[in-house]
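Enquirer: Dropping the sequence and predicted coords here.
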Amino acid sequence: MNRQGLTFNSRKALMNNIGESAGTEIANLISEMASEIDELRRTKVSVTKIVPGAEELQHSQSQARI
C-alpha cells in the first residue's frame, strides 16, 4: 500500500461481501489505523537506559515477585 487506506478493488470486495455500510466502516477504520501507525513511526524515539545495572535491577525485582 503506497497510500493511506485500501485500493478501490479492496473496498469494492469488502462492500460486495459484507455490505456497503459495513465495508465502508471497515475500510475507513483501516485507513485511520494506517494513518495512526505512520504517525507513530514518524514520532518514534529511541530510549537509552542511563542507569548502569538497570537490567540486573529489573531482573532481581521480577525474581522477587515469583
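Expert: Right, received. Where do you want to start?

Enquirer: List the buried residues in the biggest helix by length in the chain.
Expert: If you go by DSSP state H, the chain has its longest helix at helix 20-43. Buried residues in helix 20-43, counted by 16 or more other CB atoms under 10 Å: 23, 27, 30-31. All C-beta atoms are positioned from the backbone trio N, CA, C, and that covers glycine.

Enquirer: same thing with stretch 14-21?
Expert: 14-15.

Enquirer: Would you agree Ile30 is in contact with Leu14?
Expert: No: Ile30 is beyond contact range of Leu14, at 9.1 Å (criterion: CB atoms under 8 Å).

Enquirer: Touching both of those two, which residues are there?
Expert: Residues touching both Ile30 and Leu14 (CB atoms under 8 Å, 6 or more residues apart in numbering) are Leu6.

Enquirer: Okay, now the unreliable bits of this structure?
Expert: For the chain, the stretches with pLDDT under 70 are 1-4, 52-66.

Enquirer: Would you check how far apart Glu36 and Ala27 are?
Expert: To Ala27, Glu36 is 15 Å away according to CB to CB, to the nearest Å.

Enquirer: And for Leu6?
Expert: Per CB to CB, Leu6 is found 5 Å from Ala27.

Enquirer: cool, and Ser21?
Expert: Distance of Ser21 to Ala27, computed by CB to CB: 11 Å.

Enquirer: helix/strand/coil for Leu6?
Expert: Classification of Leu6 by DSSP: H, G, I helix; E, B strand; the rest coil places it in coil.
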